[in-house]
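Undergrad: Got a sequence here, can you model it:
(2 chains)
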Amino acid sequence: MRELLSGNYAIAEAVRLAKAQLIPAYPITPQTPIYERLSEMEAQGILPGIMVRVESEHSAMAMCISASLTGARVFTATSSQGLALMHEMLHNASGNRVPIVMGCVNRVLAVPWSFGSDQTDTLAQRDTGWMQFYCEDNQEAFDTVIQAYKISEAVMLPSMVIIDAFFNSHFIEPMEVPEQAMIDRFLPQADLPQRFDIENPAFVSNVVTAGAQFVPFRKTGFEDMEKAKVVIKEVDKEFKEHFGRGYGMVESLHTEEAQLVFITSGSMTSTARVAVDSLRNKGLRVGLLKIKTFRPFPSEEVRSALQGVGKVAVIDRNISLGKEGIFCQEVKSALYNSKVQPPIYGYIAGLDGLDVTPEILEGIAMEVMNKEKPDEVPVWVQ
Amino acid sequence: MGAIKAGVMKMEDEKMMVDLMRSGHMACPGCGVVIAMRLVLRALGRKTVAVLIPSCSSIIAATYPNSSLKVPAFHGTFESAAPTAAGISYVLKLQGKDDISVVAFAGDGGTFDIGLQALSGTVDRNEHYIYVCLDNEAYMNTGIQASSATPECAWTITTPLGRSARKKNIVEIMAAHRIPYAATASIGYPQDLMEKVQKAKDIRGTKFIHVLTPCPTGWRMAENLTIKSAMLSVETRLFPLYEVSNGRKYAITYEPQGLPINEYLQIQGRYRHLQEEQIAHIQAQIDEEWENLKKRLQIHNDDLIARES
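TA: Residues are numbered from 1 along each chain as shown, chains lettered A, B, ... in the order given. This is a model prediction of the structure:
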């Protein structure tokens, strides 16, 4: 069915159709409409699961973990400070190998206090063992929630489905919402291990003896995150067969023999498409690489897309003080031990939801093409 | 033991005699926590899921791949015993396994300090599980650091001159939430403890049981004084045995003798530095709290009489 939905409502709709059974939630701007819409659905009797109005994000994640271990499909959503408060529990979730799906709406972390988009909140959770999917638009956010349950339940690692504050979360777009029966065919009801069996009692996640027992657990997690790359691609392919839409871990647009390739993630990608079209109309060989999956990082896909490319400009709506944009770091590290070595120009743009217009991106393209070599530190677009 | 009357177990109550803890657990000699865990699990029976958090109890429950518990258990995070237990309980209900009890074991630090917010949340939502606070009056698992359950004047390694603040009244905090059932219980009175756990098991919603679990290591006393100190805590009225239903209906479940507090204090090295006036101060506080408890009991009884007449 064709509907007009905000990114937040698109995520709520997907959670309903995915039949999440337990949804502990706590409000934070700009995530609140997800929580509100799910509560409204519950009040209308159209939500298959139950909502729990917890007293903090930390407790939301604690409850997600134990509920998932007991065998339920669960969901929660948060942003910024809430995600930071959850940090301890994020490690716990991946260590417990629970397939939680969480909606994350990127918002700046204080201080200064503000509300606009900034991916630093989710990127700061890079090493928590969660898969991370950055979505470009509301349709992709909806589709990715459905896909994420299938992926997470196959690899038994949790997923963050990530959208930008306001550009995605509050902007209404036309999108396709499939019928329940179609979703059910792609994503059957959860069949998760039930870890607390009275007949076969076990102690889940007790203390291990130092080192020797810890390492195999962590190594298995690492290996399964590597295997997730295959699962993500398979699930995306299957999704396309069912619904006609697919995204890939990355998407390459005009990258072959490009003199310049933009690398973007999230809502900025849509703007970059416009800028690329405009630059190509002017006769410039400019391409675009959208990185959707950040963890596991699609190193091979990035290398292959940047083969033979002249220059690369990574546009980061995030910043790691003391280094540079985080996507920029990751792209560089993916290329380091390979023969693919285009010069990489780092740009910090759109922090706190500042508009990154096609004109700004075109300006960046011209600057990069005229520059002899990248600066040591990223260029700030203000 | 002298004047102290020991609680008598009804040995004929067979369902209370199935031991759900194995020998070979990892408690220190004379540990009060492990006795409390054993009694609680006996009272709940094998259809129980236990939640543990970083504390003495999670170590007592043994390290991977062993378990000293004969029931399914989960080791959650320090401040999350309450929502972790509630999450399991919600899903067991969805699965139609409503006959399984969920019990959260947390220490005094995990309850009075870092876990208080999350506990308050689950009690507010009246989630269906039993919370058992195993209170040894300090962070004993990390080596005797003071918590807000450490009594005034008590020595710990982080309060070498004695703690200056007074211990929180956690049962009153729970009663202020109008929790369906809150009770104190003692390993010195096992029958009273187990009856309270069984009562809690049959009540819908959140139940809170506060057990004072003497710790020979942290209280600086001999290992054979665990039960004696537990009984003295009750008989001196420092730790009266009572219960509160719906935050309103109070009942004292054991009438203490009102022994002088010094009998309790003098067997513990953590109180060795106390001066006479400090002991008098502690005694005055105990007397005041006891009167307060009796007043709360009286208010309830007066209400009952008023309604009946």
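
Undergrad: Tell me the residues on the stretch 151-300 of chain A that lie near chain B, please.
TA: Applying CB under 8 Å from any CB of the partner chain, we find that the stretch 151-300 of chain A lies next to chain B at A:194-198, A:201-209, A:213. Using the backbone N, CA and C atoms, a C-beta is placed for each residue, glycine as well.

Undergrad: which among those end up buried?
TA: Taking 16 or more other CB atoms under 10 Å in any protein chain shown as the criterion, what is buried in those is A:195-196, A:201-207.

Undergrad: Can you flag which of those residues belong to strands?
TA: In strands, judged by DSSP state E, the following of these are found: A:203-204.

Undergrad: is it fair to say A:Phe75 lies in a strand?
TA: Yes: membership of A:Phe75 in a strand is supported by DSSP: H, G, I helix; E, B strand; the rest coil.

Undergrad: Roughly how far does it sit from A:Ala18?
TA: Distance, A:Phe75 to A:Ala18, using CB to CB, to the nearest Å: 8 Å.

Undergrad: Tell me which of the two has more neighbours.
TA: A:Phe75 (30 against 25; other CB atoms under 10 Å in any protein chain shown).

Undergrad: show me where the stretch 151-300 of chain B has strands.
TA: Using DSSP state E, counting those that start in this stretch, the strands of the stretch 151-300 of chain B run over residues B:181-186, B:206-212, B:242-245, B:249-252.

Undergrad: Take the buried ones among the residues of the stretch 151-300 of chain A next to chain B and write them to a markdown table, including pLDDT.
TA: Shown next, in a markdown table, are these (pLDDT from 0 to 100):
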| residue | pLDDT |
| --- | --- |
| A:Arg195 | 97 |
| A:Phe196 | 98 |
| A:Pro201 | 96 |
| A:Ala202 | 94 |
| A:Phe203 | 95 |
| A:Val204 | 95 |
| A:Ser205 | 94 |
| A:Asn206 | 91 |
| A:Val207 | 93 |
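
Undergrad: with the buried ones among the residues of the stretch 151-300 of chain A next to chain B in mind, which one is nearest to A:Thr220?
TA: Distance to A:Thr220 across those (CB to CB) is lowest for A:Ser205, with 13.9 Å.

Undergrad: Show me what the closest residue to the closest one other than its chain neighbours is bridged to.
TA: Nearest residue to A:Ser205, sequence neighbours excluded (CB to CB, 6 or more residues apart in numbering or on different chains): B:His75, at 4.7 Å. As for beta bridges, B:His75 partners with B:Leu52 under DSSP bridges.

Undergrad: Tell me who's in contact with B:Val49.
TA: Going by CB atoms under 8 Å, 6 or more residues apart in numbering or on different chains, B:Val49 touches A:196, A:198, B:71-74, B:88, B:92, B:100-103.

Undergrad: and it, that one's in a helix?
TA: No: counting by three-state DSSP, B:Val49 is located in no helix; its state is strand.

Undergrad: picking that back up, of the buried ones among the residues of the stretch 151-300 of chain A next to chain B, which pair is most distant in space?
TA: A:Phe196 and A:Val207 (18.4 Å).

Undergrad: Now tabulate the strands of the stretch 151-300 of chain B in a markdown table and tack on mean pLDDT.
TA: Shown next, in a markdown table, are the strands of the stretch 151-300 of chain B (pLDDT from 0 to 100):
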| stretch | mean pLDDT |
| --- | --- |
| strand B:181-186 | 98 |
| strand B:206-212 | 98 |
| strand B:242-245 | 98 |
| strand B:249-252 | 96 |
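
Undergrad: returning to that earlier point: who touches both of A:Phe75 and A:Ala18?
TA: Contacts common to A:Phe75 and A:Ala18, judged by CB under 8 Å, 6+ apart, are A:Val101.

Undergrad: ok so, going back, show me the contacts of B:Val49 that map onto helices.
TA: B:88, B:92 (DSSP state H).

Undergrad: who wins for neighbours among the contacts of B:Val49?
TA: Top of those by neighbour count (other CB under 10 Å): B:Ile88, with 30 neighbours.

Undergrad: which residues touch it?
TA: Counting by CB under 8 Å, 6+ apart, B:Ile88 touches A:66-67, A:69-70, A:196, B:49, B:51, B:74, B:102, B:129.

Undergrad: repeat that with 7 Å
TA: Going by CB atoms under 7 Å, 6 or more residues apart in numbering or on different chains, B:Ile88 touches A:66, A:70, A:196, B:49, B:51, B:102.

Undergrad: Can you pick out the most distant pair from the residues you listed?
TA: Most distant of the contacts of B:Ile88, by CB to CB, are A:Thr70 and B:Val51, 11.1 Å apart.

Undergrad: Between those two, tell me which one has more neighbours.
TA: Higher neighbour count among A:Thr70 and B:Val51: B:Val51, with 31 against 27, using other CB under 10 Å.

Undergrad: pretty sure that one contacts B:Pro83?
TA: No: assessed by CB atoms under 7 Å, B:Val51 is found out of contact with B:Pro83, at 9.7 Å.

Undergrad: Please enumerate the helices of the stretch 1-150 of chain B.
TA: In the stretch 1-150 of chain B, the segments counted as helices under DSSP state H, counting those that start in this stretch are B:32-44, B:56-60, B:81-94, B:108, B:116-124.

Undergrad: can you list the residues of the stretch 101-250 of chain B near chain A?
TA: Contacts of the stretch 101-250 of chain B with chain A, taken as CB under 7 Å from any CB of the partner chain, map to B:117-118, B:120-121, B:125.

Undergrad: ranking those residues by neighbours, who comes first?
TA: For those, neighbours tallied by other CB under 10 Å; top is B:Ala118, 28 neighbours.

Undergrad: how close does that one get to A:Ser152?
TA: According to CB to CB, B:Ala118 and A:Ser152 sit 25 Å apart.

Undergrad: Quick check, A:Lys227 in contact with A:Ala154.
TA: No: using CB under 7 Å as the test, A:Lys227 is too far from A:Ala154 to be in contact (9.1 Å).

Undergrad: Which one's more surrounded, those two?
TA: A:Ala154 (17 against 14).

Undergrad: and chain A, what are its domains?
TA: A:2-243, A:252-380 (automatic domain parsing).

Undergrad: among the ones you listed, which is the most enclosed?
TA: domain A:2-243 (a mean of 21; mean count of other CB atoms under 10 Å in any protein chain shown).

Undergrad: Against A:Thr255, how distant is A:Ser56?
TA: Distance, A:Ser56 to A:Thr255, by CB to CB: 44 Å.

Undergrad: next one: A:Glu324
TA: 22 Å.
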